[in-house]
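Trainee: Okay, predicted coordinates and the sequence, questions at the end:
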Amino acid sequence: MEAAESTLYRSVADRIVALIDSGAYKPGERLPSIRDLSRQMRVSINTVKTAYDLLELERLVAPRPQSGYYVRSRLPEAPVEPTIRLETLVPKEPTDDEIAAQIRMDIDRRDLIQLGAAVPSPEGLPSARLARLLAREVQAHPEESAQYLALPGDPRLREQISRLMLESGCVVSPADITITAGCQEAVTLALLALCAPGDTVAIESPAYFAFIRQLDRLRLNGIEIPVTPTEGISLEALEYALDHQKVSACLVTPSFSNPMGSLMSDQCRQRLLELITRHGVPLIEDDIYGDLAHGSQRPRALKAFDRDGTVILCSSFSKTLCPGYRVGWMVPGIYQERIHQYKLTMSVAASAPVQKAVAAYLASGAYARHLRKVRRLYSRNVATVSEAVGRCFPAGTRLTRPKGGFVLWAEVPQPFDSIRLYQEARQEGISVAPGPIFSLCGKFRNALRLNAAVWSPAVAGAIETLGKLARRQIEAAGS
C-alpha cells in the first residue's frame with residue numbers, strides 16, 4: 001500500500017474518532033454509511049471502508065449485518081487484574097460438575113440459543129466444500145478410506161500441517177506431527193504421557209472446563225495459576241508454585257485462552273519457557289485458537305521457542321474448519337513414542353476419509369482465504385456482542401476484550417450468581433457457561449463465559465434477556 005493512501009485512510013479514521021469523542025455520535029448510535037462518508041469527505045469508497053476496518057480492529061466501531069457501522073459501547077472493561085495470594089497455590093482435586101457436562105450435551109439442541117458452548121459460527125465453516133472433498137476422496141480411495149490409517153496419520157495431511165505451522169513460527173517436519181481425534185484427545189494423550197494418578201498439573205485459572213474434567217478422570221490434582229486478561233498466566237504465581245510443589249506438567253493456552261481470551265506477549269512466552277525449563281517441567285500448549293487472531297498477524301506458538309522438545313503442542317481444525325470431523329494434531333517432541341503407545345490403546349487412529357478431505361482442502365490453498373474471512377467475522381461478532389453486553393447488563397459489569405477467538409468473559413457485580421443465571425436462562429431457552437465450572441474449586445461465582453461467534457436477532461434478544469435476569473438478581477438482593 002502506498003504511503004499516501006495509508007495516510008489518507010488513517011486521516012479518515014481519525015476524523016471519525018474525533019466525531020465520536022466530541023459526542024456527535026454516542027455509543028450504540030449508527031455512524032454515516034460508507035457511501036455517505038465517501039461523498040462528504042471526498043475520498044474513495046475503499047478508503048472509507050479501510051478506515052472503518054481499522055476502527056473495527058481498534059474496537060471503536062462495530063458493524064452490524066445489513067445495517068452499517070455503530071459506535072461501540074465503552075462501558076465494558078477488562079476484569080480487574082486478580083489479587084494473587086501465593087499461599088493459596090496448593091494442589092486440589094477437581095470437583096464433579098454436572099453443569100459442564102450438560103452444556104456439552106446441549107450443543108445439539110435446536111431449541112436453545114447457544115451462548116454456553118464455544119462452538120464456531122456455521123457461517124464461518126466451509127461445510128459444503130469439505131463435504132464435496134470428502135465424497136471425492138472416498139470415491140477415489142474406497143478401500144483405503146475404509147481401513148485404519150497407521151500412526152502418525154495421513155502423510156499428506158501432516159505435510160500440509162507442517163507448512164501451516166510455519167505461520168506460527170514453528171519449523172517441524174511431517175514426521176514430528178501426530179494426527180489425533182481433536183485437540184482434546186491430544187491434550188489427554190499428553191497428560192497420560194507426562195503424569196501418573198495423584199500427580200499435580202499447573203493449569204490456568206480460569207481454565208477450559210473440559211481440561212478440568214479431564215484431570216478428574218485421570219485422577220490428577222491441579223494447581224490453579226491466575227490468568228490476567230492482558231498477559232495470560234501469571235509467571236510470578238507459577239514460579240511460586242513450582243518452587244513449593246512437585247509439578248509434573250504445565251497446561252496453558254498462550255493464544256486467546258478459553259475463557260479469558262488472553263494473549264501472551266513473545267517476551268512472556270520466552271520467560272515462561274525459561275521458567276519451566278529451569279524447573280524441569282514439561283509444558284502442554286493448547287493452540288486451538290491461534291489461527292483466529294482478529295488482526296492479520298497470527299501469534300507465534302510457544303512451541304516456536306522450544307529448543308529441547310519438552311513443549312507438546314496440541315491443536316485442531318475444530319474452531320476453524322470442521323468441529324464435527326474431529327481432526328486434530330500434536331507435536332509431541334521427545335515424548336512422541338510414549339504418546340503413540342497411548343494413542344494405540346485409546347483410539348488407534350483418526351478417521352481416514354476426513355483426514356484425506358482436510359488434507360485436500362489445505363492443499364488447495366483455500367485455508368488462508370478462509371482464515372481472512374473468519375477473522376473478520378469473529379472480530380465483528382465479538383465487538384457487536386460486547387457492545388450488547390455493555391448496553392444490557394448491570395452497571396459495573398466488566399468484560400474482556402480479546403484480540404482473537406470468539407469467547408467473552410464477563411464479571412458482574414456481586415451478589416450476582418452465575419449458577420442461578422444458568423438455571424434461569426435455560427428455562428428461557430438460553431445456554432450460558434457459569435464461572436465456577438472454569439475452576440477446580442468453584443471460584444468465579446459472579447462471572448460467566450459467553451460464546452460470541454454468532455450475531456443474530458435471536459442472540460441480541462438472548463443477551464437482553466440475560467441482562468434483565470442479572471439486573472433482577474442484583475435488585476432483589478438490594479431490596
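Mentor: Structure's in. What do you need?

Trainee: now the helices for the stretch 301-450 of the chain?
Mentor: Using DSSP state H, counting those that start in this stretch, the helices of the stretch 301-450 of the chain run over 336-346, 352-363, 366-392, 418-427.

Trainee: Now distance to residue 181, mean neighbour count and mean pLDDT too, for these, in TSV please.
Mentor: Every residue, glycine included, has its C-beta placed from N, CA and C. Formatted as TSV, these follow (distance: least, CB to CB, whole Å; neighbours: other CB atoms under 10 Å; pLDDT from 0 to 100):
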stretch	distance to residue 181	mean neighbour count	mean pLDDT
helix 336-346	9	16	93
helix 352-363	10	22	95
helix 366-392	20	20	92
helix 418-427	29	18	93
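
Trainee: what about the ones you listed, which gets the closest to residue 169?
Mentor: Closest approach to residue 169 among those (CB to CB): helix 366-392, 16.2 Å.

Trainee: now that closest one, how far from the centre of its chain.
Mentor: When distances are taken as CA atoms, centre = their mean, to the nearest Å, helix 366-392 is centred 12 Å away from the chain's centroid.

Trainee: list the helices and strands it packs on?
Mentor: Applying 3 or more CB pairs under 8 Å, 6 or more residues apart in numbering; DSSP states H and E, one finds that helix 366-392 makes contact with helix 45-57, strand 61-64, strand 398-399, strand 407-411, helix 457-478.

Trainee: before we move on, back to that, please name whichever of the helices of the stretch 301-450 of the chain is nearest to residue 58.
Mentor: Evaluated over those, closeness to residue 58 peaks at helix 366-392, with 9.9 Å, by CB to CB.

Trainee: any idea of the angle that closest one forms with helix 352-363?
Mentor: Calculated by axes from the mean of the first three to the mean of the last three CA atoms, to 10 degrees, helix 366-392 forms an angle of 90 degrees with helix 352-363.

Trainee: I'd like to check the angle between the longest strand seen in the chain and strand 407-411, please.
Mentor: If you go by DSSP state E, the chain has its longest strand at strand 221-228. For strand 221-228 against strand 407-411, the angle by the same axes, to 10 degrees is 90 degrees.

Trainee: mind listing what the closest residue to residue 169 other than its chain neighbours touches?
Mentor: Nearest residue to residue 169, sequence neighbours excluded (CB to CB, 6 or more residues apart in numbering): residue 304, at 3.3 Å. If you count contacts by CB atoms under 8 Å, 6 or more residues apart in numbering, residue 304 has them with 168-170.

Trainee: hmm, back to that, highest mean neighbour count out of the helices and strands packed on helix 366-392?
Mentor: Of the helices and strands packed on helix 366-392, the one with the most neighbours on average (mean count of other CB atoms under 10 Å) is strand 407-411, at a mean of 25.

Trainee: Run through the neighbouring helices and strands of it.
Mentor: Looks like strand 407-411 contacts helix 366-392, strand 398-399, strand 447-451 (3+ CB pairs under 8 Å, 6+ apart).

Trainee: I'd like these laid out as a markdown table, including distance to residue 176.
Mentor: Listed next are the helices and strands packed on strand 407-411 as a markdown table, based on distance: least, CB to CB, whole Å:
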| stretch | distance to residue 176 |
| --- | --- |
| helix 366-392 | 20 |
| strand 398-399 | 39 |
| strand 447-451 | 33 |
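
Trainee: To residue 126, which of these lies closest?
Mentor: For these, the distance to residue 126 is smallest for helix 366-392, at 5.9 Å, taking CB to CB.

Trainee: picking that back up, if you average pLDDT over each of the helices and strands packed on helix 366-392, which comes out lowest?
Mentor: Of all these, strand 61-64 carries the lowest average pLDDT, namely a mean of 81.

Trainee: Contacts for that one, please.
Mentor: Contacts for strand 61-64 (CB under 8 Å, 6+ apart): 16, 31, 52, 55-56, 69-72, 380, 383-384, 386-387, 455.

Trainee: For the helix or strand just after that strand, name the packing helices and strands.
Mentor: Downstream of strand 61-64, the next assigned helix or strand under DSSP states H and E is strand 68-71. Counting by 3+ CB pairs under 8 Å, 6+ apart, the packing neighbours recorded for strand 68-71 are helix 45-57, strand 61-64.

Trainee: Mind doing that once more with 10 Å?
Mentor: Packing partners of strand 68-71 (3 or more CB pairs under 10 Å, 6 or more residues apart in numbering; DSSP states H and E): helix 3-21, helix 34-41, helix 45-57, strand 61-64, helix 366-392.

Trainee: so who does residue 471 touch?
Mentor: Applying CB atoms under 10 Å, 6 or more residues apart in numbering to residue 471 gives the contacts 392-395, 397, 412, 416.

Trainee: what bits of the protein have low per-residue confidence?
Mentor: Along the chain, the model assigns pLDDT under 70 to residues 1-7, 73-96, 479.

Trainee: Please convert the contacts of residue 304 to CSV, extending it with distance to residue 361, secondary structure and neighbour count.
Mentor: What follows is those, written out as CSV (distance: CB to CB, whole Å; DSSP: H, G, I helix; E, B strand; the rest coil; neighbours: other CB atoms under 10 Å):
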residue, distance to residue 361, secondary structure, neighbour count
168, 19, helix, 20
169, 23, coil, 15
170, 20, coil, 22
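
Trainee: Could you list the domains of the protein?
Mentor: Domain assignment of the chain by automatic domain parsing yields the ranges 3-71, 97-124+369-478, 127-366.

Trainee: how near is residue 214 to residue 203?
Mentor: Per CB to CB, to the nearest Å, residue 214 is found 10 Å from residue 203.

Trainee: what's the neighbour count on residue 121?
Mentor: Using other CB atoms under 10 Å, residue 121 has 17 neighbouring residues.

Trainee: List just the nearest of the contacts of strand 61-64 to residue 326.
Mentor: For the contacts of strand 61-64, the minimum distance to residue 326 (CB to CB) is 26.7 Å, reached by residue 455.

Trainee: That closest one sits in which helix or strand?
Mentor: Assigned by DSSP H and E, residue 455 belongs to no helix or strand.

Trainee: burial measure for it, as a count.
Mentor: A total of 23 residues lie near residue 455 under the criterion other CB under 10 Å.

Trainee: Same question for residue 206.
Mentor: 26.

Trainee: Not counting sequence-adjacent ones, nearest residue to it?
Mentor: For residue 206, ignoring the flanking residues on the chain, the nearest one in space by CB to CB, 6+ apart is residue 438 at 3.5 Å.

Trainee: Kindly indicate whether residue 116 is helix, strand or coil.
Mentor: State at residue 116, reduced to three classes by DSSP: H, G, I helix; E, B strand; the rest coil: coil.

Trainee: you'd agree it is up against residue 99?
Mentor: Yes. Counting by CB atoms under 10 Å, residue 116 does reach residue 99; the two are 9.1 Å apart.

Trainee: Output stretch 437-451 as PDB, restricted to C-alpha atoms.
Mentor: Only the C-alpha atoms of stretch 437-451 are listed here, as PDB (Å, rounded to 0.1, in the frame of the first residue of the first chain):
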ATOM      1  CA  ILE A 437     -17.100 -24.600  36.000                       C
ATOM      2  CA  PHE A 438     -13.900 -23.000  34.900                       C
ATOM      3  CA  SER A 439     -12.300 -23.500  38.400                       C
ATOM      4  CA  LEU A 440     -11.100 -26.600  40.200                       C
ATOM      5  CA  CYS A 441     -12.900 -25.500  43.400                       C
ATOM      6  CA  GLY A 442     -15.900 -23.500  42.200                       C
ATOM      7  CA  LYS A 443     -14.400 -19.900  42.100                       C
ATOM      8  CA  PHE A 444     -15.800 -17.100  39.800                       C
ATOM      9  CA  ARG A 445     -19.300 -17.300  41.000                       C
ATOM     10  CA  ASN A 446     -20.000 -13.800  39.700                       C
ATOM     11  CA  ALA A 447     -18.600 -14.500  36.200                       C
ATOM     12  CA  LEU A 448     -19.700 -16.200  33.100                       C
ATOM     13  CA  ARG A 449     -18.400 -17.100  29.600                       C
ATOM     14  CA  LEU A 450     -20.300 -16.100  26.500                       C
ATOM     15  CA  ASN A 451     -19.900 -17.600  23.000                       C
END
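
Trainee: Thank you, goodbye.
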